[in-house]
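**Q** Dropping the sequence and predicted coords here.
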Amino acid sequence: MARVGNSIIKGIEVGEVINLLNKAYADEWLAYYQYYIEEKVVKGIMKDAAIAELNQHAADELRHADMVAQRILQLGGTPLLNPKEWFVHTNCGYEEPKNFDVVAILEDAIKGEQCAIKTYSEIVDITRGKDIVTYDIVSQILADEVEHEEDLAALHEDISEFVQDIKAVIR
Ligand SMILES: [Fe+2]
Ligand SMILES: [Fe+2]
């Protein structure tokens, strides 16, 4: 548990930071699982490119969960212990993939990243100038989420264009 480490936090309650981080922790596990299962069920044209991307993102979200858990512990808190609590505390929720087509899967994933960007940019704003260590960690995660959105959007564009081209040839 942090001692002097917590004394450098100014203008925000440590409990509030722990709360915000536990909500983000719930999001990261749900995002991890979403990528984990999407990578397994995805179908359709160019799915191999999507599988590689989804796999990479799953690994990143799990790494984020770890970064957030470490910070919660450092602050003297406890990361959510029961997966049931993920659904109570999540900001972004969880929606199981309903359409396994690669384009639909990528669209779901992009929505998830957009919610993650919104959530982390709020935590960045709240901790700026108050809790420098948390601020630094959430800023790193935010940069990853921005990259995730960009990678998915680029892939979505490539696959959509490819599908359009094929349709034009077949016509
Ligand atoms: Fe993440
Ligand atoms: Fe992400």
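**A** Great, that's in hand. Ligands and ions are numbered 1, 2, ... in the order given.

**Q** any idea how far the host helix or strand of residue 126 is from the chain center?
**A** Using DSSP states H and E, residue 126 maps to helix 102-127. Its chain's C-alpha centre and that of helix 102-127 lie 6 Å apart, by Cα atoms, centre = their mean, to the nearest Å.

**Q** Stretch 40-53 now?
**A** 19 Å.

**Q** hmm, the helix or strand hosting residue 52 in reach of ligand 1?
**A** If you go by DSSP H and E, residue 52 is part of helix 47-74. Yes: counting by Cβ under 5 Å from the ion, ligand 1 is contacted by helix 47-74 at 61, 64. The C-beta positions use only the backbone N, C-alpha and C, and glycine is treated the same way.

**Q** orientation of that helix relative to helix 102-127 in degrees?
**A** Put simply, helix 47-74 runs at 20 degrees to helix 102-127, going by axes from the mean of the first three to the mean of the last three Cα atoms, to 10 degrees.

**Q** Now do the buried residues in helix 47-74.
**A** Residues of helix 47-74 classed as buried: 47, 50-51, 53-54, 57-58, 60-62, 64-65, 67-69, 71-72 (neighbour count, 16 or more other Cβ atoms under 10 Å).

**Q** swap in stretch 151-163?
**A** For stretch 151-163, by 16+ other Cβ under 10 Å, it's 151, 152, 153, 155, 156, 159, 163.

**Q** picking that back up, what mean pLDDT does the helix holding residue 126 have?
**A** The average of the pLDDT scores along helix 102-127 is 98.

**Q** Which of the residues in it are classified as buried?
**A** 102-110, 112-116, 119-120, 123-124, 126-127.

**Q** what does this structure put close to ligand 1?
**A** So the chain meets ligand 1 at 28, 61, 64 (Cβ under 5 Å from the ion).
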